[in-house]
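Student: Following is a predicted model, sequence given first.
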Amino acid sequence: MLQEFFENIADFKILMKTHQVVVSGSLVLQLLLPRDRISWPVTDMDIYVPCGTGQHIANYLNIKGYSNITETLPPHTRYQFSQSHIHNVMTFTRLQRTIDVIVSISSNPLLPIFCFHSTTVMNYFNADIFFSAYPSLTTNFKALINPFRFESSKPTSVFKRCLDKYVACGFLFAFNPNAWDVASNKTVHECQEDYNCPHRMRTSVDNGCFRFNFGDSNGLHSDDMADDIGPPVTWMLGGHMCNSENMSHSFLSTLS
Ligand SMILES: [Zn+2]
């Protein structure tokens, strides 16, 4: 997958290790799903980097032949960006390939990933691990919508377009698992206990996550792996309670 973007993969792995770079977005989702269900081409890659490293990453991409075409921080999206834990986005292209560099507002490059539109894309890999926050939902083509995007406004047409490509390959979207459980006569999930309940407080090292170590660091425990990219992330999607109209607020932070 990476060789679609770089001739020297080892070189990019060193960059990922030394600058806490992670790859996320729809490119990474392809690692979880059957190849014949993917309807989008491998031409775009999103990389997430800590605050303060954007210029170094830009220099690296320039050396590799990528041109910086845009840097996005228009005034009308500034508020939304900070809510998304994103400082700015730089877009680079080379031939038919595009790389978006998403710079976090903090030293943790992972926080923006948990602000994504849905659980479909709450996955990433770095030089050592592959991580998925909602593996059982995702591999069953189900996804929770992140209510964070709906608290202040209704879903926009841009948001709907974001989901379109996932709907096209068979994903079902809902605000909580009851929508699928009731429809399929399955036992309704245990609210606030089930890892797939949006009102359960989650951490990036809990048993609801999938974490596969493919790096060459032998004998690492999960805590050590988490330290590789900063402290574990804690989050709760929140939104309307699964069985009532009461609201539960979203939460996102890092443990320290
Ligand atoms: Zn629930």
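Tutor: Nice, I can see it.
Student: and the strand or helix carrying Y124, which strands flank it?
Tutor: Assigned by DSSP states H and E, Y124 falls within strand 123-125. Sheet pairing for strand 123-125, assigned by DSSP bridges, gives strand 22-24 (antiparallel), strand 129-132 (antiparallel).
Student: Let's see the longest one as PDB, backbone CA atoms only.
Tutor: Once non-C-alpha atoms are left out, strand 129-132 reads as follows in PDB (Å, rounded to 0.1, in the frame of the first residue of the first chain):
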ATOM      1  CA  ILE A 129       1.100  -1.300  14.800                       C
ATOM      2  CA  PHE A 130      -2.300  -1.500  13.100                       C
ATOM      3  CA  PHE A 131      -5.100  -0.200  15.200                       C
ATOM      4  CA  SER A 132      -8.900  -0.200  14.900                       C
END
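Student: can you list contacts of that strand?
Tutor: 28, 31-32, 122-125, 138, 204, 209-215, 225, 228 (CB atoms under 8 Å, 6 or more residues apart in numbering). For every residue, glycine as well, the C-beta is placed using N, CA and C.
Student: Give the buried residues for whichever helix or strand comes after that strand.
Tutor: Later in the chain than strand 129-132, the nearest helix or strand by DSSP H and E is helix 135-139. For helix 135-139, the neighbour count (16 or more other CB atoms under 10 Å) marks 135, 137-138 as buried.
Student: circling back to that earlier point, so for the ion, which of the strands paired with strand 123-125 sits nearest?
Tutor: Among those, strand 129-132 comes nearest to the ion, with 19.8 Å by CB to the ion.
Student: A143 pairs with what?
Tutor: For A143, the beta-bridge partners are F173 (DSSP bridges).
Student: Enumerate every residue touching it.
Tutor: Per CB under 8 Å, 6+ apart, neighbours of A143: 118-120, 134, 137, 166, 171-174.
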